[in-house]
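Chemist: What follows is a predicted structure for the sequence shown.
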There are 2 protein chains.
Amino acid sequence: MDERTGLPVVGMVGAGQLARMTHQAAIPLGQGLRVLADSVDDGAALVAHDVVVGDYRSLDDLRAFAVGCDAVTFDHEHVPNAHIAALEADGVTVHPSAAALVFAQDKGEMRRRLSALGVPCPRWAPVDTENDLAGFAEQVGWPVVLKATRGGYDGKGVWVVSSVEEAAPVLASGTPLIVEEKVAIVRELAADVARSPFGQGAVWPVVETVQRDGICVEVIAPAPDLDEDVAEQAQALALRIAHELGVTGVLAVELFQTADGLVVNELAMRPHNSAHWTIEGSTTSQFEQHLRAVLDYPLGTTDPVAPHTVMVNLLGGPDDVVPKGIDERMHHCFAHWPEVKVHLYGKQFRPGRKVGHVTVVGHDLETLRRRAREAAQYLMVGDAAGTVPAHG
Amino acid sequence: MDERTGLPVVGMVGAGQLARMTHQAAIPLGQGLRVLADSVDDGAALVAHDVVVGDYRSLDDLRAFAVGCDAVTFDHEHVPNAHIAALEADGVTVHPSAAALVFAQDKGEMRRRLSALGVPCPRWAPVDTENDLAGFAEQVGWPVVLKATRGGYDGKGVWVVSSVEEAAPVLASGTPLIVEEKVAIVRELAADVARSPFGQGAVWPVVETVQRDGICVEVIAPAPDLDEDVAEQAQALALRIAHELGVTGVLAVELFQTADGLVVNELAMRPHNSAHWTIEGSTTSQFEQHLRAVLDYPLGTTDPVAPHTVMVNLLGGPDDVVPKGIDERMHHCFAHWPEVKVHLYGKQFRPGRKVGHVTVVGHDLETLRRRAREAAQYLMVGDAAGTVPAHG
């Protein structure tokens, strides 16, 4: 508790864009987020007041960071689970718990648990050897998807392979792996929920996430033309997973929509790219909701504020163009797209890296999508006169 | 320019709630606000990263603060005008300029200038002596309103007097004063605009500001049942004042609506309480807009996002109730009013002090007003079961 304000202190391990946007949401709640940063130049470290530089892999650093925090939570999944359990044993309030977070840290654990719960997943198996792989592929057919059980993100740690030979280098690397069938995807959806320690749940409208090269490039809220029953099914599934796994805070359930229904792709237990649209598009943003949840405050209304919200990620373009000139491009962007809201994360621009996003809210979906894409394209590459990026 | 991000640095003199909310708006723009704070415990100093503690009355402190700022702007009107002019002479980019800001710093200068422009104002006169006062009152009738030309806010520095005798202590105090007729007010309105150095102007819908004891307690956006012509007149007037006075940044024009039309009450050249509703209620908040304006970025869309927005100020209640228990009251508030957005400023609670505000956006104005008032009442006094505060 901060004695100056009478309000709680939340500490977030990690100081990337999620921490940056969570700090932004903490300010109106009368709080300031405490962040454990790798570096003083991390996106959240540039804007938060209470910045501790340390190593999230060090239990000593985590313990020192937790002193004075009413709740500790996470910007990413990479904190060793045993360290989180140790903090809990120390009496630190940690959300999500080590017991819950493991299902977002380890894809094998996640698949095992969801399968046990009867949650629809792609067919999958643990895989150690070429024989394991060949046996699995015989059942489901090539190609199959190899996934590192830990540490993957934005398409990293995922390999689509069409033969044992192609998979050999990955198998030989010693990375713990699972293998999954390659699902015939109609499109990708996400059902984002929050759950408090008290057990209250709140769910946002189901969104469509548009991917390119394994990276989310665009989110459309709500998912266009989604059957109402399927949307409710997705929301109920996400709430059920949050409950069964004991998730506290935001849970993002990434889903594949297939001809045969929904299957779960991934879980994340933190604010998630698929819900950045909620900053402008929902009465309660995912960042405020995450804070409310980890503090066991009652959750906020998740109603959308307009019929449609579109979010487009800003992916770093060619090095010789950015970040040089970003300020000038901001001028042009604001002139051309005065209704588009820009979010920059304070990160170094690198090709393909998520360095920000834009959001636009309104009534005509096709116009919103076009304008958000054009604004994003212009901000990253500086040529809105050209074709819009091939996102969809 | 911050070399890490390629984006500009805005410095705000003062670190109260306006700076706090401006920092919040700076984050998505890829920036962090630099604040000149009186104390490390100031509301904005608790949440901003780049905090300089210094004295806004010291030119040396202001000069040191300005180094590295792409633009310097203000959280309040109390910086000596000559210091601002000295910064400008140094080559510092300051918005608003000393030449403009004087009209928000000195009510005599403001009245002289607006009268010269033909802008409708209450009848007024400079006043030094009892004779000046008696002569003015003979013309307009008692009671009259004495105003300190400088330093007043929230009803401070304003005296309604019904006789020379009643005015005598104020006149004898040596405070520079003007006197104004006591206008027969139908209600109070505000027209908030932003203007960039390039000369672009943008105006929000005209709002009604509900006052109690000279303090704004509630803002309704847009002003209910306001004649469209009068609204346009108010907006045009505010844009004209911004242009004529060379205002850069946000300009709040406080207006009296009378049976005979609109008259200007006060000017403020900074984000203003009457536009706090824009955080949730408009596509572009006044805080983002102020940053865009002082950086000479093109301005953002000012459209409201819903038919009605209501903002109610949180005024510190009895000392023995607050801030003790604010965290518990936040729990109850969130449980009862999940759609209400709470903004706390990180300030010590004192009776009557503005320590935060709540905002609610939606379709049914009476419901919005009732719920916002109840939530505010509960947060401050902890008894929502009682009657709602006598705001209106």
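Modeler: Looks like it came in fine. Numbers count the residues shown, from 1 in each chain, chains lettered A, B, ... in the order given.
Chemist: could you point out where the stretch 101-250 of chain A is predicted with low confidence?
Modeler: A:152-155 (pLDDT under 70).
Chemist: try 90
Modeler: For the stretch 101-250 of chain A, the stretches with pLDDT under 90 are A:151-156, A:174, A:213-214.
Chemist: For the residue in the stretch 251-392 of chain A positioned nearest to chain B, which residues are in contact?
Modeler: Chain B sits closest to A:L344 of the stretch 251-392 of chain A, with a gap of 3.0 Å, by CB to the nearest CB. For every residue, glycine as well, the C-beta is placed using N, CA and C. Contacts for A:L344 (CB atoms under 8 Å, 6 or more residues apart in numbering or on different chains) come out as A:314, A:326, A:355-356, B:5, B:7, B:28-30.
Chemist: So which of those are in helices?
Modeler: Among the contacts of A:L344, the members falling in helices (DSSP state H) are A:I326.
Chemist: contact partners of stretch A:167-179?
Modeler: A:107-108, A:111, A:124-130, A:132-133, A:136-137, A:144-150, A:157, A:159, A:161.
Chemist: got the contact list for stretch A:304-313?
Modeler: A:204-205, A:215-222, A:273, A:276-277, A:280-283, A:354, A:356-365, A:368-369, A:372-373, A:375-376, A:391, B:305-306, B:361.
Chemist: Just the buried ones from the residues you listed?
Modeler: A:204-205, A:215-222, A:273, A:276-277, A:280-283, A:354, A:356-362, A:368-369, A:372-373, A:375-376, A:391, B:305-306, B:361 (16 or more other CB atoms under 10 Å in any protein chain shown).
Chemist: Which of those residues fall within strands?
Modeler: A:215-221, A:354, A:356-362, B:361 (DSSP state E).
Chemist: From those residues, pick the one nearest B:M12.
Modeler: The closest of those to B:M12 turns out to be A:G356 (CB to CB; 23.0 Å).
Chemist: My read is that the closest one contacts B:I27, right?
Modeler: No. Judged on CB atoms under 8 Å, A:G356 makes no contact with B:I27 at a distance of 11.3 Å.
Chemist: In the stretch 1-150 of chain A, what residue lies closest to chain B?
Modeler: Closest point on the stretch 1-150 of chain A to chain B, by CB to the nearest CB, is A:G30, at 3.0 Å.
Chemist: For the residue nearest to that residue when sequence neighbours are not counted, give me phi and psi.
Modeler: Taking CB to CB, 6 or more residues apart in numbering or on different chains as the measure, A:G30 lies nearest to B:L344, with 3.0 Å between them; neighbours along the chain are not counted. Main-chain torsions, B:L344, degrees, to the nearest 10: phi -110, psi 140.
Chemist: circling back to that earlier point, filter the contacts of stretch A:167-179 down to the buried ones.
Modeler: A:107-108, A:111, A:124-125, A:127, A:133, A:136-137, A:144-150, A:157, A:159, A:161.
Chemist: can you pull out the helices in chain A?
Modeler: Using DSSP H, the helices found in chain A span residues A:17-26, A:59-66, A:81-90, A:98-105, A:107-116, A:130-140, A:164-172, A:228-245, A:278-281, A:286-294, A:326-336, A:365-381.
Chemist: Run through the residues that contact A:V9.
Modeler: Shown in contact with A:V9 (CB under 8 Å, 6+ apart): A:1-2, A:31-32, A:34, A:50, A:68-70.
Chemist: would CSV of those residues with pLDDT be doable?
Modeler: Output for those, formatted as CSV (pLDDT from 0 to 100):
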residue, pLDDT
A:M1, 89
A:D2, 91
A:Q31, 97
A:G32, 95
A:R34, 98
A:D50, 98
A:G68, 97
A:C69, 98
A:D70, 98
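Chemist: quick one: which of the residues you listed is nearest B:L117?
Modeler: Proximity of the contacts of A:V9 to B:L117 (CB to CB) peaks at A:G32, which lies at 43.5 Å.
Chemist: That closest one and B:V47 touch, don't they?
Modeler: Yes. Contact status for A:G32 versus B:V47: in contact at 4.2 Å, counting by CB under 8 Å.
Chemist: Of these two, which one has the most company?
Modeler: The residue with more neighbours, out of A:G32 and B:V47, is B:V47; 31 against 24, by other CB atoms under 10 Å in any protein chain shown.
Chemist: what sits against that one?
Modeler: With CB under 8 Å, 6+ apart, B:V47 has these contacts: A:23, A:26-27, A:32, A:48-49, B:20, B:23-24, B:346.
Chemist: swap the cut-off to 10 Å and go again
Modeler: Going by CB atoms under 10 Å, 6 or more residues apart in numbering or on different chains, B:V47 touches A:23-24, A:26-27, A:30-33, A:47-50, B:15, B:19-21, B:23-24, B:27, B:33, B:35, B:345-346.
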